[in-house]
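Chemist: one predicted model, sequence on top.
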Amino acid sequence: MTSHPDLRCDWLGLPLRSPLIVGAAMPLSDHVGPMLELERHGAAAIVLHSLFEEQIEEEQLALHDHATLGSESYGEALSYLPDCAVVHEGVDLYLRLIERARQQLTIPVIASLNGTHPGRWVETARRIESAGAQALELNIHSLPTDPLLSSGEIEAEIEAIVRGVRAQVKLPLAVKLGPFFTNFRGLAHRLAAAGADGLVLFNRFYQPDIDIERLELQANPLLSTPHDLHLPLRWIALLHGREPLQLAASGGVQRATDVVRLLMAGAGCTQLVASLLRHGPERLRAIELELSQWLETHDYSAVADLIGCMSQQRCATPADYERAQYIRALSGLTGWR
């Protein structure tokens with residue numbers, strides 16, 4: 001009797017039944033019910049939707065304003081008030097979601113913090129750990145517009161965030177970033193030194209659009225497509241084996257063959273969001289079945305055999321991940337003269 005291929009892998013030291021993780025997205029993880037459904041259809045782990053830095057800091061300020069209202073009437077009244085670092089209800093709701101998810105799910109539950117600057121919000125990481133999260137993903141998005149801010153200063157801020165969170169928790173720590181840095185390899189090296197255990201490549205944020213009739217800005221929620229996986233594929237291949245970091249791919253995973261390509265590049269797992277929003281949780285089981293069939297057809301006994309086999313370190317033509325591939329691609333465009 002032929003055994004089925006072994007789909008097991010691990011992410012941040014957490015054993016997974018397959019490389020199919022549900023990425024952070026509000027509709028998929030705002031309640032335990034949808035998460036149970038995702039687990040039933042084969043999710044290997046779930047990253048909860050992000051708790052945003054702005055939520056934490058704005059509500060802390062609101063709490064502080066409420067607590068100090070009228071306190072100036074008494075010369076010493078401020079000394080009797082609680083510290084404004086008291087955590088607000090929004091964080092408490094998120095912590096309760098972690099607790100309920102841990103109680104009812106059997107797969108790993110990974111929390112997500114979204115921020116751009118070092119600050120008091122990193123203290124929330126300690127409470128997330130206490131609530132039972134099994135790992136923490138820092139979803140760091142930066143859109144700098146200050147002309148006096150250098151790229152080095154931007155990267156130093158990100159490094160400070162990671163160091164600050166690492167100082168608060170012992171949880172496995174992944175950092176989810178965008179691709180737009182002067183020297184991404186250099187940043188990866190610094191984040192590993194700061195205490196990161198893994199990178200998730202890449203985050204995806206809604207881009208604004210203009211309503212030309214109403215003259216208003218509006219959200220433009222474009223879901224990823226298979227074309228979006230080429231950028232993470234390249235950088236995962238370039239980074240695999242170069243730094244002491246596990247790598248996860250995010251963006252563009254729609255089919256099992258997408259998973260195969262990203263694993264071959266060096267990803268230890270993949271995160272799915274768009275395909276689940278389009279097709280529902282059943283898509284997980286379909287991709288898992290397709291992945292198992294592909295491995296069997298191509299004589300692979302385990303997912304582990306794929307990981308990194310086509311990374312820059314191990315492929316026959318490593319220069320193809322750099323500019324040489326661009327030149328070859330252009331030379332193949334024969335239909336335009």
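Modeler: Good, I have the coordinates. Numbers count the residues shown, from 1 in each chain.
Chemist: helices of the stretch 101-250 of the chain, residue ranges please.
Modeler: Taking DSSP state H, counting those that start in this stretch to define them, one finds helices in the stretch 101-250 of the chain at 124-131, 151-168, 184-194, 230-239.
Chemist: ok, and for the shortest one, which residues are buried?
Modeler: Neighbour counts over helix 124-131 (16 or more other Cβ atoms under 10 Å) mark Thr124, Ala125, Arg127, Ile128, Glu129, Ala131 as buried. No exception for glycine: its C-beta is placed from N, CA and C like everyone else's.
Chemist: quick one: least confident helix or strand in this structure?
Modeler: Ranked by mean pLDDT, DSSP states H and E, the helix or strand of the chain with the weakest confidence is helix 53-68, at a mean of 53.
Chemist: re the thing from before, need the buried residues of helix 124-131 in TSV (columns: distance to Ser292 and pLDDT).
Modeler: As requested, the buried residues of helix 124-131 are arranged in TSV below (distance: Cβ to Cβ, whole Å; pLDDT from 0 to 100):
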residue	distance to Ser292	pLDDT
Thr124	39	89
Ala125	36	92
Arg127	39	92
Ile128	34	95
Glu129	35	96
Ala131	34	97
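Chemist: how about CSV for those residues, with distance to Ile98 added?
Modeler: Converted to CSV, those look like this (distance: Cβ to Cβ, whole Å):
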residue, distance to Ile98
Thr124, 11
Ala125, 12
Arg127, 9
Ile128, 7
Glu129, 10
Ala131, 4
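Chemist: so which of these comes closest to Ile210?
Modeler: Lowest distance from Ile210 to the buried residues of helix 124-131 (Cβ to Cβ) belongs to Thr124, with 34.9 Å.
Chemist: that closest one touches Gly90, doesn't it?
Modeler: No. Counting by Cβ atoms under 8 Å, Gly90 is not a contact partner of Thr124; they are 10.1 Å apart.
Chemist: any idea how far Val47 is from the residue nearest the centre of the chain?
Modeler: By Cα atoms, centre = their mean, the chain has its centre lying nearest to Lys176, at 4.2 Å. Between Lys176 and Val47 the computed distance is 9 Å (Cβ to Cβ, to the nearest Å).
Chemist: identify the contacts common to those two.
Modeler: Contact criterion Cβ atoms under 8 Å, 6 or more residues apart in numbering; residues shared by Lys176 and Val47: Ala24, Ser112, Glu137.
Chemist: turn those residues into JSON lines, columns for neighbour count, pLDDT and distance to Leu171.
Modeler: Output for those, formatted as JSON lines (neighbours: other Cβ atoms under 10 Å; pLDDT from 0 to 100; distance: Cβ to Cβ, whole Å):
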{"residue": "Ala24", "neighbour count": "25", "pLDDT": "93", "distance to Leu171": "16"}
{"residue": "Ser112", "neighbour count": "25", "pLDDT": "96", "distance to Leu171": "12"}
{"residue": "Glu137", "neighbour count": "29", "pLDDT": "97", "distance to Leu171": "10"}
